[in-house]
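1. sharing a model that was predicted from the sequence below.
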Protein chains: 2
Amino acid sequence: MDIHDLTRELHIRNETKIVMLVADGLGGLPLEPGGLTELETASTPNLDQLARRGILGGSIPVAPGITPGSGPGHLGLFGYDPVKYQIGRGALEATGIGFELEHGDVAARGNFCTLDGDGNIVDRRAGRIPTEESAPLARALRDAKVEGVEVFVEPVREHRFVVVFRGKGLGDQVDDTDPQATGVPPLLPTAREPASEKAAQVAKQFIEEAQQILKGQKKANGITLRGFAARPHLPTYKEVYGLRAAAIAVYPMYKGLARLVGMEIVGKAATLDEQIKVLEASWPKYDFFFLHYKYTDSTGEDGNFAAKVNKIEELDAAVPRITALGPDVLIVTGDHSTPSLLKSHSWHPVPTLLVSHCCRTDGSTAFGESHCQRGGLGQFESRYLMTLALANAGRLGKYGA
Amino acid sequence: MDIHDLTRELHIRNETKIVMLVADGLGGLPLEPGGLTELETASTPNLDQLARRGILGGSIPVAPGITPGSGPGHLGLFGYDPVKYQIGRGALEATGIGFELEHGDVAARGNFCTLDGDGNIVDRRAGRIPTEESAPLARALRDAKVEGVEVFVEPVREHRFVVVFRGKGLGDQVDDTDPQATGVPPLLPTAREPASEKAAQVAKQFIEEAQQILKGQKKANGITLRGFAARPHLPTYKEVYGLRAAAIAVYPMYKGLARLVGMEIVGKAATLDEQIKVLEASWPKYDFFFLHYKYTDSTGEDGNFAAKVNKIEELDAAVPRITALGPDVLIVTGDHSTPSLLKSHSWHPVPTLLVSHCCRTDGSTAFGESHCQRGGLGQFESRYLMTLALANAGRLGKYGA
């Protein structure tokens, strides 16, 4: 079942406000079995108070045991089945650097590579060329013109860049040109279906032009393209929930993901303090606020348990400014777990709390993995969090008579 | 997955008896966060004893956050995916007043309305004409004849009635004639597909005849028809579970819903006491008993916490007479929650208990929302309750070797 088949029909508009505070990679693990996780170690008096007033659970981003990237992690939180809706690599990469993809665009990830005199690949990553050297080269590729199509090239980091083709009739079913091997030449971009022939042709011309531009380079004298992908067709928050939604994020990736589901990106904020100022300022104008906090993930990825604890405490300190606004429904969760122990995203259910006047409290006394494991929301797929949010806000009518 | 694909093949017949006691709208909320719900406030020594012998859980009627009406709520309990199987408005209304729909019938909800001299609607509900006035008018509409089709008209309440067309080749894809506005005439019934052209034509003739019959009326001089719907095709309890099933309900709606899945409506009962007498009398003849108790819902809808507590206590007092019959599996649950706090159906998981000799007790000491939240059945979709019932009754064989 696609839950949007129900919410599309059942949603009601009213004056309530919903806040979804996403602490990226929030879930953790103890360093020793039986110990406390980062969230449990942190002193979080404000979140603990919310836990006493709310209902807790563990949200499963995709399915038990499946570790999501940021794309599926957020799509789940936004209520979109992350298996049904997939964001192709190229589209996610473009989104991640703040490129505003339009419907019909085809994006691909590019790698600089090193070719020998015969055109065979010697190094698939051009010696991991530093960003200072690669970024000007990526910008130089903007001179590669393809007739009838607009071409955008944006540097990423080291050997990576993004290319976006904009024009009529471009399909994204084009194979990678990276042969995943050295000693052989890059592959030609090949369409997997007739509707993508034009895009393959466009990519081929772009690669030829790029090769000319890079001819004099020592390291980065060739390119490969991977993950051709169009902007995914996601119904908007307005269509499926009837919500005017605002996204308040610092990093381009999360702004981009929110934009894909039709949220408005509001304000400019570089810190949590600034994000909350934006929240306060935009409070009257929207029904739903997605507030993204990055540092719980980055410290987890670094394997820095203590730093993650600190970042959670910083977040906790900001909570009273959010509750002071009087949201009707407040959700605190993450898009996935990032235990410092594993230094990576993980599959563990994500600590989640929901507070409303009718949430049915569950006797939890603190916000942490153990309470969430036993919480009243149980362990649930994160794609149901939005229906729970709408229900608690009185924004969903009855299904059937 | 449709669970019936499995039960259809795997079910076994034996001598066991299963009782499903449905307290309508059973789930509740505390009046103050952290307080006790209606079920937790009620003194329920008999249900608490069952809780100690049984296993508890929270059943989710449709999906997290989705509030069901009685139709989807009961279909879920009966093991039918309430999103796959939908009962159209007209069919549910006919069912609700005890009209025995046959396959091929098309039912619609009718409204009396007031038309001006030009045939435009002045009042879409005919001034909410009282039932004493509208019921005779509805019965008068039985004189509206349409060639080749049987027409049934049944009064409902105030401005509402039900009309059922019975004949060959009637489809139900016909648009409402209520324009949802005043100052304009009713719409003509229009088919959305060729297979429903005949039904649209029949409805048109019926409306014309009805208009003639109502011509002299001041308030109710016109009608509109809405929610055209055929009897849904639901496989029967016998087909999918191999059960001879009996329904013991006071209100027509619940008898009707049970009839749609092939249960037999046994006995006539106006009180719980009489329902249990029917249960006792019909005990040898059936394998499965659906016992419906209405008052937990109606008191919840009234927002009367204390009355709901009373009604739960009355139900509890009847439990020993049920257990005295020695059911092999006894389930106590509801079709949805109806917290007095919200004065309406809600999405909250429904307290559910199951007792059998092999149910794996979970240490619960009382029947209530908190115990159910932490119970051994977890939070589960109600459509799996029937497979649990069959399994606990030894009525399901092994899937695969």
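-> It's in.
2. can you report how many residues neighbour whichever residue of the stretch 51-200 of chain A sits closest to chain B?
-> The minimum distance from the stretch 51-200 of chain A to chain B, using C-beta to the nearest C-beta, falls at A:Arg53 (5.8 Å). Any C-beta I mention is one placed from the backbone N, CA and C, and that applies to glycine too. Counted with other C-beta atoms under 10 Å in any protein chain shown, the burial measure for A:Arg53 works out to 17 neighbours.
3. surely it and A:Thr365 touch.
-> No: with contact defined as C-beta atoms under 8 Å, A:Arg53 does not reach A:Thr365; the gap is 11.0 Å.
4. next one: the residue of the stretch 51-200 of chain A closest to chain B from B:Gly28, what distance?
-> Using C-beta to C-beta, to the nearest Å, we find A:Arg53 at a distance of 18 Å from B:Gly28.
5. then A:Lys218?
-> From A:Lys218 over to B:Gly28 the distance is 74 Å, taken as C-beta to C-beta.
6. got it, and A:Ile60?
-> If you measure A:Ile60 against B:Gly28 using C-beta to C-beta, the figure is 27 Å.
7. cool, A:Pro155 as well?
-> In this view, A:Pro155 and B:Gly28 are 58 Å apart by C-beta to C-beta.
8. likewise A:Leu36?
-> Using C-beta to C-beta, one gets 35 Å for the distance from A:Leu36 to B:Gly28.
9. compare these two (neighbour count), which wins?
-> The residue with more neighbours, out of A:Leu36 and B:Gly28 and counting by other C-beta under 10 Å, is B:Gly28; that gives 33 against 17.
10. against chain B, how distant is the closest residue to A:Tyr251 other than its chain neighbours?
-> Once flanking residues are discounted, A:Tyr251 sits nearest to A:Lys294: 5.6 Å by C-beta to C-beta, 6 or more residues apart in numbering or on different chains. The span separating A:Lys294 from chain B equals 28 Å under the rule C-beta to the nearest C-beta, to the nearest Å.
11. distance of A:Lys294 from A:Ser344?
-> The spacing between A:Lys294 and A:Ser344, counted by C-beta to C-beta, is 16 Å.
12. grab the nearest non-local neighbour of the residue of the stretch 301-401 of chain A found nearest chain B.
-> The shortest separation between the stretch 301-401 of chain A and chain B is 3.0 Å, found at A:Thr387 (distances taken as C-beta to the nearest C-beta). Closest residue to A:Thr387 in three dimensions, ignoring its sequence neighbours and counting by C-beta to C-beta, 6+ apart: B:Gly65, at 3.0 Å.
13. A:Ile265 now?
-> Distances taken as C-beta to C-beta, 6+ apart put A:Lys255 closest to A:Ile265, at 4.7 Å, once the chain neighbours are dropped.
14. what are the contacting residues of the helix or strand harbouring the one you found?
-> Here A:Lys255 sits within helix A:252-260, counting by DSSP states H and E. Outside of helix A:252-260, the residues that reach it under the criterion C-beta atoms under 8 Å, 6 or more residues apart in numbering or on different chains are A:22, A:24, A:70-71, A:74-75, A:78, A:87, A:94-100, A:231-232, A:234, A:245, A:247, A:249, A:265, A:290, A:292, A:294.
15. what about the longest helix in chain A?
-> The helix spanning the most residues in chain A, taking DSSP state H as the definition, is helix A:305-323.
16. on that earlier part again, so the residue nearest to A:Thr387 sits right up against B:Trp347, yeah?
-> Yes: here B:Gly65 lies in contact with B:Trp347, judged by C-beta under 8 Å, at a distance of 5.0 Å.
17. what do the two both touch?
-> Joint contacts of B:Gly65 and B:Trp347 (C-beta under 8 Å, 6+ apart) are A:Thr387, A:Leu388, A:Ala391, A:Leu396.
18. next, the contact list for the closest residue in space to the second one that isn't next to it in sequence, please.
-> When the adjacent residues along the chain are set aside, A:Leu388 lies closest to B:Gly65, with 4.2 Å between them (C-beta to C-beta, 6+ apart). Each residue near B:Gly65 by C-beta under 8 Å, 6+ apart is listed here: A:Tyr384, A:Met386, A:Thr387, A:Leu388, A:Ala389, A:Leu390, A:Ala391, A:Asn392, A:Leu396, B:Trp347.
19. format the residues you listed as a markdown table; extra columns: distance to A:Leu137 and neighbour count.
-> Formatted as a markdown table, the contacts of B:Gly65 follow (distance: C-beta to C-beta, whole Å; neighbours: other C-beta atoms under 10 Å in any protein chain shown):
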| residue | distance to A:Leu137 | neighbour count |
| --- | --- | --- |
| A:Tyr384 | 46 | 22 |
| A:Met386 | 43 | 27 |
| A:Thr387 | 47 | 26 |
| A:Leu388 | 48 | 27 |
| A:Ala389 | 45 | 26 |
| A:Leu390 | 48 | 28 |
| A:Ala391 | 52 | 24 |
| A:Asn392 | 51 | 28 |
| A:Leu396 | 52 | 24 |
| B:Trp347 | 55 | 26 |
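20. give me the subset of the residues you listed lying in helices.
-> Under the assignment DSSP H, the contacts of B:Gly65 contribute A:Met386, A:Thr387, A:Leu388, A:Ala389, A:Leu390, A:Ala391, A:Asn392 to helices.
21. between these, which is nearest B:Pro136?
-> The shortest distance between B:Pro136 and any of the ones in helices among the contacts of B:Gly65, using C-beta to C-beta, involves A:Ala391 and amounts to 42.1 Å.
22. surely that closest one meets B:Ile66?
-> Yes: applying C-beta under 8 Å as the test, A:Ala391 and B:Ile66 come out as touching, 7.4 Å apart.
23. run a quick neighbour tally on the nearest residue to A:Ile312 once chain neighbours are set aside.
-> For A:Ile312, the nearest residue in space outside its immediate sequence neighbours is A:Ala42; the separation is 4.0 Å by C-beta to C-beta, 6+ apart. Neighbouring residues of A:Ala42 were enumerated by other C-beta under 10 Å; the total is 22.
24. dump the residue contacts of A:Ala42.
-> A:Ala42 makes contact with A:Val309, A:Asn310, A:Ile312, A:Glu313, A:Asp316, according to C-beta under 8 Å, 6+ apart.
25. repeat that for 7 Å
-> For A:Ala42, the contacting residues are A:Val309, A:Ile312, A:Glu313, A:Asp316, by C-beta atoms under 7 Å, 6 or more residues apart in numbering or on different chains.
26. not counting its neighbours along the chain, what's nearest A:Gly110?
-> Nearest residue to A:Gly110 in three dimensions, chain neighbours excluded: A:Phe161, at 4.4 Å (C-beta to C-beta, 6+ apart).
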